[in-house]
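J.: Structure for the following, please:
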Amino acid sequence: MEGMAKDKVEETKELEWALIPPREVSQVDGVFLEKNMCNNWDKIWNFQAKPDDLLIASYPKAGTTWTQEIVDLIQNNGDIENSRRAPIHLRHPFLEWVRVVNSGIDEANAMPSPRTLKTHLPIQLLPPSFWEKKCKIIYVARNAKDNMVSYYYFQTMNKGLPDPGSWDEYFETFMSGKVMWGSWFDHVKGWWKKKDSHPILYLFYEEMMKDPKREIRKVMEFLGKNLKEEVLDKIVNNTSFAVMKNNPMTNYINDIEMNHSLSPFMRKGVVGDWKNQFTEDQNKRFNEDYEKHMADTSLSFFEEL
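T.: Just a heads-up that it's a prediction; the model follows:
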C-alpha cells in the first residue's frame, strides 16, 4: 500500500509538471535569458551589492550547488544541522531568477548581511555594484563537453528553461551559444580574465573532483577562515555527491518545475561522461571549434581524470 501511495504522489507530481507552461526566452545584449529576467532587467542591473557580500558565480551545471554547500559549511564552521536550516536557494538567493511571487533580487534585499548570493550571469551582465564594492567572488568552471551534457539533461527536466529538443539539436544550439546565459566560451573566458583585476577565486570542477579537500581549503582561505583538519574532513564528507544527492536541502526534490523522473537534478557528478553522449563526428567538430574559441586565452581544462 505504501508503494502504491508513493507511485500516486509521483504521478501527481509528473502531471503538475506537465501542466506548467514552458518559460519564454528573450535577450539582453545578445545573451539569451528567461523573458521574466529580461522584463526585470533594470531592477537586476541596478541591484546594490554590499562590501561584505560574497557572490558565487558559474555557468549553469558547472558545480554551482556543490560550491554553494561548501561555502555554507565553511561559513558555519562545519555545522551540518545549520547548513540544513533551509533549501539552498533560500540560503543563497539566485540573483537574476524571477519566480511567480518574488525574485532573487527581492530575496537578496530582504536578507541581512553578510549575504551569500548566486548568479549565472556572464561577466558583462553582472550588476556594476559588485565591482564598485569590490565584493569577493567565487567562480567555478567545468570542462565544456561535460558541462554541455549536464546542461542538456537539466533542460529536459526543468520547465524553468527552454525545451532542449533532441541531443543532436541541442549540440548545435550549445555550439552556437544560443542557450540560456549565453556562450560557454565567452562565460568562462570573461570571468578568467576578470580575476586579474578583482578578488575572484577561480575554481575548476575537475580539480574539485580530484582533490576536494585541497579545493575546499582554498575556499576556506579565500573566505578568511581557519578551520581544523577534522572540520575540513567533515565538510569533504558532507559535500560528497552521494550525501548531497540524498539531502533535500541541496537536491531541489520539491521544486515543482523540475521532473526528477526524467533526469535527476544531481545526475552523475563525474568527469568524462561526455564520452557516453558525443558521437565521433560531434567530438571532432567540437574539438576544432574549441581550438578556435580558446586560442586567445591561457585557460585550460581536463576532460577526464
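J.: Could you point out the helix or strand that follows the least confident helix or strand in the chain by mean pLDDT?
T.: Lowest by mean pLDDT, DSSP states H and E among the helices and strands of the chain is helix 2-19, with a mean of 54. Next along the chain after helix 2-19, taking DSSP states H and E as the criterion, comes strand 25-28.
J.: ok, Q282 to L73 distance?
T.: Separation of Q282 from L73 (C-beta to C-beta, to the nearest Å): 38 Å. Every residue, glycine included, has its C-beta placed from N, CA and C.
J.: same deal with E172?
T.: Using C-beta to C-beta, one gets 39 Å for the distance from E172 to L73.
J.: now do S150
T.: Distance, S150 to L73, by C-beta to C-beta: 23 Å.
J.: what does L201 give?
T.: According to C-beta to C-beta, L201 stands 16 Å off from L73.
J.: The two - which one has more neighbours?
T.: Between L201 and L73, counting by other C-beta atoms under 10 Å, L73 is the more crowded of the two (25 against 18).
J.: Give me the distance from the strand or helix carrying that one to the chain's centre.
T.: For L73, the host element (DSSP H and E) is helix 64-75. Taking C-alpha atoms, centre = their mean, to the nearest Å, one finds the center of helix 64-75 at 12 Å from the center of the full chain.
J.: Ends of stretch 103-123, what's the gap?
T.: End-to-end distance of stretch 103-123 (C-alpha to C-alpha, to the nearest Å): 21 Å.
J.: What are the boundaries of the strands in the protein?
T.: 25-28, 31-34, 54-58, 116-119, 136-141, 200-204 (DSSP state E).
J.: Export the ones you listed to a markdown table and append columns for distance to T250 and mean pLDDT.
T.: Shown next, in a markdown table, are these (distance: least, C-beta to C-beta, whole Å; pLDDT from 0 to 100):
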| stretch | distance to T250 | mean pLDDT |
| --- | --- | --- |
| strand 25-28 | 27 | 94 |
| strand 31-34 | 23 | 95 |
| strand 54-58 | 14 | 98 |
| strand 116-119 | 13 | 98 |
| strand 136-141 | 15 | 98 |
| strand 200-204 | 18 | 98 |
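J.: What residues does the residue nearest in space to the middle of the chain make contact with?
T.: The structure's the chain has its C-alpha centroid closest to T64; by C-alpha atoms, centre = their mean the separation is 3.4 Å. Contact partners of T64, counting by C-beta atoms under 8 Å, 6 or more residues apart in numbering, are I56, S58, K118, H120, V140.
J.: again, but for L305
T.: Neighbours of L305 in contact, by C-beta under 8 Å, 6+ apart: E206, M209, K210, V271, G272.
J.: Filter these down to just the buried residues.
T.: Buried by 16 or more other C-beta atoms under 10 Å: E206, M209, V271, G272, out of the contacts of L305.
J.: Would you mind giving me the confidence score for the closest residue to W97 other than its chain neighbours?
T.: In space, and not counting its chain neighbours, W97 is closest to G104: 4.5 Å by C-beta to C-beta, 6 or more residues apart in numbering. We have a pLDDT of 94 for G104.
J.: so G104 makes contact with V98?
T.: Yes: if you go by C-beta atoms under 8 Å, G104 and V98 touch, sitting 7.5 Å apart.
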